[in-house]
Structure formats: structure tokens, C-alpha cells
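Peer 1: Kindly return the folded structure for what I paste below:
(chains A, B, C and D)
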Number of protein chains: 2
Amino acid sequence: MAGRRGIGGLTLDAAAQEAGVSKGGLVYHFASKEQLMLAVVEHLIAGWEQAMLTELGKPFDEATAAERVRAYTRVITGLTTSRADLAILIDSVHEESLLEPWRGLLRRWLEEAPPDVSAVDRAVARLAADGLWLADASDTSNYDADMRAAITARIDRLAEGPAL
Amino acid sequence: MAGRRGIGGLTLDAAAQEAGVSKGGLVYHFASKEQLMLAVVEHLIAGWEQAMLTELGKPFDEATAAERVRAYTRVITGLTTSRADLAILIDSVHEESLLEPWRGLLRRWLEEAPPDVSAVDRAVARLAADGLWLADASDTSNYDADMRAAITARIDRLAEGPAL
DNA sequence: GTAACTACACCGACCAGTCGGTACATTTAC
DNA sequence: GTAAATGTACCGACTGGTCGGTGTAGTTAC
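Peer 2: Here you go, the predicted structure:
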């Protein structure tokens, strides 16, 4: 999964070579490039969702909104997620069909039926995590290790709940 | 500036038509597509920087780190910035040369020589603002007006300074 | 007269998608 | 049991279209 040009810049030839098959073989499995990209996005998101579940450490249905947001931000900001993958996936912003898997993830992990007082802090925590992801992917963060640790800790605290 | 495919997907023909000039005329001014894209990015960033200065309401050199971050987050999260432009610019993540104008903006507005205790909160405020931008551009925020106002107010408070 | 174009034809690289064909395993028919 | 038919996975050459970029002759404005 090299492709420095994002998922949109990935060519069928390159994808085939990467996968160790011929272009024809690749096309046999994915009728169109869009289907291929969708499969990539879905695969990566499924992996993250798995990581979030592990991070949760308990069944999804038994977790509170705060715990879910924390699992989300930790996976997004953590080393679990490869920088390269993130850069590759940014393109999905342009393609409605590729956005759908994202929306699903966000709906499952971040939506809360009756938003309480600390819902705002949780939303800010989520947005900051997304922002850090973007900064990492674009290599515009340049925080040193200490600062980064402090930032993720602060995000964690925002996700935590009522206490400030 | 329509181009739903981002700045990378913009064609010279489309850009010329959009600008109301011929392709030849466009090429006359921008020797390559990369130069054209760079000019677009620089133009938009210059516009935002202008908006940030207005938001600051005082000379840049007299402002504190907190005031600068607030100006930054307000412009980024505010209606000043058009959603479409944001979606178009996301592509610059893939192109080192297009990233440079961004880095300049971030360096000027967010860097602080001696980071104090509340630098972490300011960083989180910046990241949350960027996250909100990304969510808007990808249409994955779906916060209602009240929630959005509360979020931006919270980001404002984080940028503010020491008080929690 | 020169800078800033327009209009238009064209080239070459790149790339998604097509298509004829191969190899091989499994099933069906007799 | 074996021959024919079917299905699945895959190859790689080719096609058709797109797009960045070039070239050139003519036009407008100052």
C-alpha cells in the first residue's frame, strides 16, 4: 500500500503489482476502480473499528458515550494507525460512496441519543483527534514527543467527562 | 471554483473556462499546472491570513499567543471560510510544494517561542478547529446549530488561556 | 510595437476498462 | 471410468478517452 498520491492516485496497474496479481486478475475481483477503493476504505475502517473495540475492553453495548469517544480518540491519535494509511484515505473526502463507511463509523462510535452537558467536550475531543490525524498525515504538526503526549492526554481528559 | 474533485482533479481546460479565459491565456500566466495550483493555495491562504488579522483587531506583533490562536480558530471554524474551498484544498496534503504555504501560515500563527502551561490547550484548540474544518469539508459533522455554537465556544475557551 | 491574450490543432503519456484466451478444478452425462 | 461441459481465477495485449503541455497564427489594447 505505497501510493504516495492518495487512494485516488492509485492506478490499477500499481494496485495489481502491489497485490502480486496481474491487472486482469485484479479487475476480475473488483469490477471498477471505485469498487476497489471502496474495498480498501472498508478494510481499513474495519481494522480501526476492531482496534477501538480492543481499546474499549468491554462489549460495545455496555460502554458509555465517554468510553466510546475515548476509544475513538485513542485509536485515531495512537500509533495503532499508520500515517501512510491516513494520507491515502484523505481522498475519500471527494467521493460520496467512499465517505459512507466513515459516516458509519462515526455514527456508531460518536452519536449519543440524549446529549448531556459534557457532550460538547466529547465532540471537541473527537475533533481534536481528527485534527491531529490531519496534521500527522500532512506532516504539519511538528510537536515534539513531550508536547504530543501532553496533547493526547488533554484530549483524553476532554473525552473523559464532566470534570472540567 | 467549482471542481468537486479537489484541486488535483482540476483540469487546465476547466480552470480556464472557470476563469473566463482561454487555455492558452491560462498557460501564458502559469507555466505549469503545479504553479497554478500553488497560486490557488497561496491566494486562499493569503485571504485567510487577512481574515485572521482582521479578527485579531490589533497589529500581529502586539498580540499574545492566545490571541493569535483564537484568531486562527475563529477564522477556520467561522463562516468566513467557504466549505468548497476547504474541500478543494485537502489535496495539497499530497504535494510537498503545496504544503509549504500551509506550513508558513501555521508557523506564523501558532508557533510560540517559550511554550507555557496553557500551550497544550491552545494546541488542542487549533487541532479541534482543524478537525471541524475536515468534518465540514467531508460533510461528516452533522452537529446542529446549537451544538456547533457550543463547540466553537468551547474551542474559543481552550484557546483563551490558563483558566481551565 | 509589444504585452496580453484568443482560437485551435495537435502530441504523448497515462490509465481505466475490455476482451480473447489459458489453466485447472469440479460437476454432469453416458 | 471417462469425456464433455461448466465455473473460477487469472493473464496480458489492446482500446479509447483524458489531460498536461506545445505550437502557431491571428486579435485587441495601450
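
Peer 1: can we go C-alpha only for contacts and neighbour counts from here?
Peer 2: Fine.

Peer 1: how near is the closest residue to A:Phe60 other than its chain neighbours to chain B?
Peer 2: Spatial nearest neighbour of A:Phe60, excluding adjacent residues (C-alpha to C-alpha, 6 or more residues apart in numbering or on different chains): A:Leu53 at 7.0 Å. A:Leu53 sits 21 Å away from chain B, going by C-alpha to the nearest C-alpha, to the nearest Å.

Peer 1: Any figure for the gap between A:Leu53 and DNA strand C?
Peer 2: 34 Å (C-alpha to the nearest atom of the strand, to the nearest Å).

Peer 1: which helices and strands sit right next to the helix or strand where that residue lies?
Peer 2: Take DSSP states H and E as the rule and A:Leu53 turns out to sit in helix A:33-56. For helix A:33-56, the elements it packs on are helix A:65-77, helix A:96-110, judged by 3 or more C-alpha pairs under 8 Å, 6 or more residues apart in numbering or on different chains; DSSP states H and E.

Peer 1: Is DNA strand D within reach of that helix?
Peer 2: No - Helix A:33-56 is not in contact with DNA strand D by C-alpha under 7 Å from any atom of the strand; minimum separation 13.0 Å.

Peer 1: sorry, back to before: neighbours of the residue nearest to A:Phe60, how many?
Peer 2: When neighbours are counted by other C-alpha atoms under 10 Å in any protein chain shown, A:Leu53 registers 17.

Peer 1: so who does it touch?
Peer 2: Counting by C-alpha atoms under 8 Å, 6 or more residues apart in numbering or on different chains, A:Leu53 touches A:Pro59, A:Phe60, A:Ala71.

Peer 1: need the residues of chain A near chain B, please.
Peer 2: A:4-6, A:87, A:90-91, A:93-94, A:99, A:103, A:106, A:120-121, A:123-132, A:134-135, A:137-138, A:140, A:147, A:150-151, A:154-155, A:164 (C-alpha under 8 Å from any C-alpha of the partner chain).

Peer 1: Quick check on these: which are buried?
Peer 2: A:5-6, A:87, A:90-91, A:93-94, A:99, A:106, A:120-121, A:123-132, A:134-135, A:137-138, A:140, A:150-151, A:154-155 (16 or more other C-alpha atoms under 10 Å in any protein chain shown).

Peer 1: Tell me how far the residue in chain A sticking out farthest from the centre lies from A:Ala15.
Peer 2: Most distant from the centre of chain A: A:Gly24, at 30.6 Å, with distances by C-alpha atoms, centre = their mean. A:Gly24 sits 11 Å away from A:Ala15, going by C-alpha to C-alpha, to the nearest Å.

Peer 1: Not counting its neighbours along the chain, what's nearest A:Leu89?
Peer 2: Nearest one to A:Leu89, counting by C-alpha to C-alpha, 6+ apart, is A:Ile7 at 6.0 Å.

Peer 1: The one you found is in what secondary structure piece?
Peer 2: helix A:6-9.

Peer 1: what mean pLDDT would you report for that helix?
Peer 2: Throughout helix A:6-9, pLDDT has a mean value of 86.

Peer 1: Mind giving me the packing neighbours of the following helix or strand past it?
Peer 2: For helix A:6-9, the following helix or strand on the C-terminal side (DSSP H and E) is helix A:12-19. Contact here means 3+ C-alpha pairs under 8 Å, 6+ apart; on that basis helix A:12-19 packs against helix A:23-29.

Peer 1: and the helix it packs on, which residues are buried?
Peer 2: So for helix A:23-29, counting by 16+ other C-alpha under 10 Å, buried means A:Lys23, A:Leu26, A:Val27.

Peer 1: So which of the residues you listed is the closest to DNA strand C?
Peer 2: Using C-alpha to the nearest atom of the strand, A:Val27 comes nearest to DNA strand C of the buried residues of helix A:23-29, at 5.7 Å.

Peer 1: Roughly how far does the closest one sit from chain B?
Peer 2: Taking C-alpha to the nearest C-alpha, one finds A:Val27 at 23 Å from chain B.

Peer 1: got it, and A:Tyr72?
Peer 2: 14 Å.

Peer 1: residues making contact with stretch A:82-101?
Peer 2: A:1-8, A:37-38, A:41-42, A:45, A:133-134, A:136-138, B:4-6, B:87, B:90-91, B:93-94, B:137-138.

Peer 1: Identify the residues contacting the helix or strand hosting A:Arg154?
Peer 2: Assessed by DSSP H and E, A:Arg154 sits inside helix A:145-160. For helix A:145-160, the external contacting residues (C-alpha under 8 Å, 6+ apart) are A:66-67, A:69-70, A:73-74, A:77, A:121-126, A:128-129, A:164, B:120-121, B:123-124.

Peer 1: go with 7 Å
Peer 2: Residues from elsewhere that reach helix A:145-160 (C-alpha atoms under 7 Å, 6 or more residues apart in numbering or on different chains): A:Ala66, A:Val69, A:Arg70, A:Asp121, A:Arg122, A:Ala125, B:Val120, B:Val124.

Peer 1: from those residues, which two are the most distant?
Peer 2: Between any two of these, the greatest separation by C-alpha to C-alpha is 21.1 Å, found for A:Ala66 and B:Val120.
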